[in-house]
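sequence first, then the predicted structure:
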Amino acid sequence: MSATPQYWLFRVWSAIRWYVGASTRYDVHSPRLVGFIKEVYRDDRHYHAFDLIRSVRNYWKGRDGTVKLQSLGAESKTTSKAERTVRSLVATNAIDDDCGRFLFRMARWLEAKNIIEFGTNAGISTLYLHAADTRSTLLTVEGNGDVAALARETFAKAGTGPGLQAYVSLFDDWLKTNAGFLRTTMAEEPLDLFFCDGDHRYQPTLDYVRALLPLASEQSVFIIADIHWSEGMEQAWEELKAFPEVAASVDVYHFGLLFFDPGMDGPHLSLISTRWKPWRVGFF
C-alpha cells in the first residue's frame, strides 16, 4: 500500500502552516528556552558517541534477514506488508542522525538521570539517549518482539551499560505492570526525560503523557515524535499543550517538546532555524 494523494496533500499543507507560523531564536526571550536553543537546538559539536552509532548503522546496512511487522499502533501510511528486510526497516524506521543527535544533546543538557522511551524500534534512538550519560537509567519499551530482538543486537554491538533496560510489551501493559516500580524508583529522582516515538494515535498519546506526568518534575521535558504525522497527532499535540501542568512548548516539526517549569509561563511556539527565515534576525 502506498500513501494516498490525500495523505501527502495533508503533509504538505501541514508543513506550510508550520513554516508560516514558525519563530526563530530571535523571537525567544525565556531564559530557559534561550539555553535550550544554545545547548540543544543549535549545538553542532561532534561527540565520540556519534562515531560509535554510525558504525552500528553501517552494520545494519549489511545485515541480511527479514523481520515480521505487527499492527500495534497507528497503521503505516506507506506499507501494508507483513514482513520487511532488516536493512530496510533500520534504514527507514530508525531515527535519522540529526534527530538522534538532538535527543543526545537534550539528555545531556537536562543531565537526565531517569529516561523512559516508548518505541525502541531497532535501538538507534535508544543509543543516542544512552550515550549522553551511560550511568543514567534508561527504560525503553518496544511492542514487537521481533523488532526488540534487533534492538538487543544493536545494544550488544554498541556495548551498552547496565543502566539501559529494554522491555518487550505494549505500552499500556507496561505502564500498568510497572506502576508501583516507577513510583518507588522515581520518588526521589524524577523522570527527567520521556521520549514517545511509538503508537502515533491521538488518544494513546494523551494517555501515555497523563500516566507519566506524576513522575515528572518542573525541570523535566517530554518529547513527542511525529506530531505532524496525521491529523490525530496534530490534535493530540494541541491538547497536550493545553494540559495545566504544561508551562511552555516548542514544536520543531519532527518533535514536540513539553516543558513544566511554571516560571517559564509560556511561550508555545514553533521553532525554525534562522537560515530558513533569514529576514527574522531581530530587526522586524
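Happy to help now that I have it. Residues are numbered from 1 along each chain as shown.

going forward, measure contacts between C-alpha atoms and count neighbours the same way
OK.

where does the prediction get shaky in this structure?
By pLDDT under 70, the weakly predicted segments of the chain are 1-2, 73-80, 281-284.

for it, what spans make up the helices?
In the chain, helices defined by DSSP state H lie at 5-21, 31-36, 48-61, 86-93, 97-110, 124-131, 145-158, 171-177, 179-185, 202-212, 231-241, listed in chain order.

of all these, which lies closest to L269?
Taking CA to CA, helix 5-21 is the member of the helices of the chain nearest to L269, at 8.4 Å.

what packs against the closest one?
If you count contacts as 3 or more CA pairs under 8 Å, 6 or more residues apart in numbering; DSSP states H and E, helix 5-21 packs onto no helix or strand.

now, of the helices of the chain, which is deepest in the fold?
helix 124-131 (a mean of 26; mean count of other CA atoms under 10 Å).

who touches that helix?
When contacts are defined by CA atoms under 8 Å, 6 or more residues apart in numbering, helix 124-131 is touched by residues 49-50, 53, 57, 94-95, 100-101, 103-104, 107, 117, 120, 136, 138, 140, 151, 154-155, 158, 160, 164.

pairing partners for the lengthiest strand in the chain, with directions?
The strand that spans the most residues within the chain, counting by DSSP state E, is strand 216-225. Sheet pairing here is set by DSSP bridges, and for strand 216-225 it gives strand 191-196 (parallel), strand 255-259 (antiparallel).

for stretch 244-255, list the C-alpha coordinates in CSV.
The C-alpha atoms that make up stretch 244-255 are tabulated as CSV, following Å, rounded to 0.1, in the frame of the first residue of the first chain:
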residue,chain,number,x,y,z
PRO,A,244,-2.5,22.5,33.1
GLU,A,245,0.9,21.0,34.0
VAL,A,246,2.5,22.3,30.7
ALA,A,247,4.1,25.7,31.2
ALA,A,248,5.6,26.0,27.7
SER,A,249,6.1,24.1,24.5
VAL,A,250,8.3,24.1,21.4
ASP,A,251,7.4,22.5,18.1
VAL,A,252,10.5,21.7,16.0
TYR,A,253,8.3,19.9,13.4
HIS,A,254,9.6,16.4,13.9
PHE,A,255,9.4,16.7,17.7
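
between the helices of the chain, which one is closest to H254.
helix 97-110 (8.1 Å).

if we can go back for a sec, rebuild the helices of the chain as CSV, extending it with distance to L193.
Shown next, in CSV, are the helices of the chain (distance: least, CA to CA, whole Å):
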stretch, distance to L193
helix 5-21, 25
helix 31-36, 14
helix 48-61, 19
helix 86-93, 22
helix 97-110, 7
helix 124-131, 10
helix 145-158, 20
helix 171-177, 16
helix 179-185, 14
helix 202-212, 10
helix 231-241, 16
